[in-house]
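# sequence-free structure coming up:
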């Protein structure tokens, strides 16, 4: 359900600029390059990750512990601010 909502959100974002430009590739590209595009990518990534985690948990219940450990280590490695 979350995966199906994202294209609708993208169409809503681009149609806010006008119905004539709703499917214009340049407008869609600009929308994806903005903060909206970053949030869209995070939401899509979270939906896919949840799907994968639930699938592996259903196949092997012991995998949940490994997933939690890996998730916690990934979160702690990305929690600190990075400078470029």
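Nice, thanks for sending it over. Treat the numbers as computed from the prediction; the structure is a model and nothing was measured.
# now do the SS call for residue 39.
Taken by DSSP: H, G, I helix; E, B strand; the rest coil, the conformation at residue 39 corresponds to helix.
# what's the burial count for it?
A count of neighbours around residue 39, defined by other Cβ atoms under 10 Å, yields 12. All C-beta spots, glycine's among them, are computed from the backbone N, C-alpha and C.
# same thing with residue 13?
Residues lying near residue 13 (other Cβ under 10 Å) number 19.
# report how many residues lie close to the closest residue to it other than its chain neighbours.
Closest residue in space to residue 13, ignoring its immediate chain neighbours: residue 31 at 4.9 Å, by Cβ to Cβ, 6 or more residues apart in numbering. As a burial measure, residue 31 scores 20 neighbours (other Cβ under 10 Å).
# and the strand or helix carrying residue 65, what's its mean pLDDT?
Applying DSSP states H and E as the criterion places residue 65 in helix 63-78. Per-residue pLDDT over helix 63-78 has a mean of 67.
# so residue 23, which of the three states?
Here residue 23 is coil, with the state taken from three-state DSSP.
# next up, the contacts around it.
By Cβ atoms under 8 Å, 6 or more residues apart in numbering, the residues touching residue 23 are residue 14.
# which helix or strand in this structure has the lowest average pLDDT?
Using mean pLDDT, DSSP states H and E, helix 63-78 stands out as the lowest-scoring helix or strand of the chain, at a mean of 67.
# pLDDT of stretch 21-38, averaged?
91.
# and that stretch, end to end?
Start-to-end span of stretch 21-38 (Cα to Cα, to the nearest Å) is 21 Å.
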